[in-house]
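J.: any chance you can model this:
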Amino acid sequence: MWNSFRTDARSAITAEVITYPGGVVAAKEELSPARPVAPIDYTADLAAPLLGLFGNDDSHPSPAQVDLHEAELQRYGKAYEFHRYDGASHGFFYYQAPIYRPEAAMDGWAKVFSFFSRQLSS
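T.: Below you'll find the predicted structure:
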């Protein structure tokens, strides 16, 4: 979903879902010429409602990074929903991997479909 954060695509997004997006919050030393701005720095310009799904056992993004992301969304009054899953880490949707968490994945899919149904119904 990184394209939705690019300057040229942000205005065309109607609704956005992010699943355990590492790198939204990035320290200055993590930036580079290829990625000179952290996506969180675009929060003020975010026009689309955002759904975020996160594992509380993830390290990228960590729960603290998700907290920072959420605080920034609140600061700018953005429409968003964040859901966090205990016992899940990065990639909990990957059914073919040991990190798969069926309960979190099924709940996450239900939230994705419900969110898009609400946001795209008009």
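J.: and the strands in this protein?
T.: 16-19, 50-55, 80-85 (DSSP state E).
J.: partners of the residue positioned nearest the centre of the chain in the sheet?
T.: Centroid-nearest residue in the chain: I18, 3.2 Å away (criterion: Cα atoms, centre = their mean). With DSSP bridges as the criterion, I18 is bridged to G52.
J.: check contacts around it.
T.: M1, V24, L50, L51, G52, L53 (Cβ atoms under 8 Å, 6 or more residues apart in numbering). C-betas here are computed from N, CA, C, even on glycine.
J.: from these, list the buried ones, please.
T.: The neighbour count (16 or more other Cβ atoms under 10 Å) marks V24, L50, L51, G52, L53 as buried among the contacts of I18.
J.: any idea how far the second one lies from E70?
T.: Translated: L50. 10 Å (Cβ to Cβ, to the nearest Å).
J.: now the last one
T.: Note on L53: its distance to E70, by Cβ to Cβ, is 13 Å.
J.: shared neighbours, those two?
T.: F82.
J.: please point out which parts of stretch 58-69 sit buried.
T.: For stretch 58-69, a neighbour-count test (16+ other Cβ under 10 Å) marks D58, P61, Q65, V66, H69 as buried.
J.: just the CA atoms of that stretch, as CSV, please.
T.: These are the backbone C-alpha positions of stretch 58-69, laid out as CSV (Å, rounded to 0.1, in the frame of the first residue of the first chain):
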residue,chain,number,x,y,z
ASP,A,58,5.6,-7.3,15.8
SER,A,59,8.8,-5.4,15.9
HIS,A,60,8.4,-3.6,12.6
PRO,A,61,6.2,-1.8,13.3
SER,A,62,6.5,-2.2,17.1
PRO,A,63,3.5,-1.4,19.3
ALA,A,64,5.3,1.9,20.2
GLN,A,65,5.5,2.8,16.5
VAL,A,66,1.8,2.0,16.0
ASP,A,67,1.1,4.3,19.0
LEU,A,68,3.1,7.1,17.3
HIS,A,69,1.3,6.5,14.0
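J.: noted, bye for now.
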